[in-house]
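1. Here is a sequence together with a model predicted from it:
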Amino acid sequence: MPAPTKIRVADVRGTCNARFETEDAFYLEGIGLVPQGHDRTCCVAFASVIANVGRLKFVAGPIYVSCPDPGTGAGGNVLFELVREESDEHDRR
């Protein structure tokens, strides 16, 4: 199985409708999403994450992906950092 991908909230502009906050994190393991310390998810934001996670095969460092919400009005724009983990030793609480 490929190494897990860490998905970290790097920045939030406005108010995220899914209540994401900076430093929230998830792991993508195969096709499963493993939250870290909270149960918030956003299908719209993760569509952008999933569409771009394959790019990690071609770059060494983190990549940044924005959710499609422009962060105007009642919504918020979230910037995610995606990093392929080298080991499977992250905390899976």
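-> Right, received. Where do you want to start?
2. Give the residue spans of the chain that score low on pLDDT.
-> 1, 71-73, 87-93 (pLDDT under 70).
3. Strands of that one, start to end?
-> Assigned by DSSP state E, the chain shows strands spanning 5-14, 25-29, 32-35, 63-66, 76-84.
4. Just send these back as a markdown table, with distance to C43 too.
-> In this view, the C-beta of every residue, glycine as well, is placed from N, C-alpha and C. Shown next, in a markdown table, are the strands of the chain (distance: least, CB to CB, whole Å):
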| stretch | distance to C43 |
| --- | --- |
| strand 5-14 | 14 |
| strand 25-29 | 13 |
| strand 32-35 | 11 |
| strand 63-66 | 15 |
| strand 76-84 | 13 |
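5. Out of these, which gets nearest to I50?
-> Taking CB to CB, strand 25-29 is the member of the strands of the chain nearest to I50, at 8.0 Å.
6. Which neighbouring elements make contact with that closest one?
-> Secondary-structure packing of strand 25-29 (3 or more CB pairs under 8 Å, 6 or more residues apart in numbering; DSSP states H and E): strand 5-14, strand 32-35.
7. Could you list every helix and strand that the longest one packs against?
-> Contact analysis of strand 5-14 by 3+ CB pairs under 8 Å, 6+ apart lists strand 25-29, strand 76-84 as its packing neighbours.
8. Output those strands as CSV; include the columns mean neighbour count.
-> Listed next are the helices and strands packed on strand 5-14 as CSV, based on neighbours: other CB atoms under 10 Å:
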stretch, mean neighbour count
strand 25-29, 19
strand 76-84, 19
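9. Distance check, D11 against C67.
-> 11 Å (CB to CB, to the nearest Å).
10. what touches both of those two?
-> 78-79 (CB atoms under 8 Å, 6 or more residues apart in numbering).
11. Looking at the two, which one has more neighbours?
-> C67 (25 against 12; other CB atoms under 10 Å).
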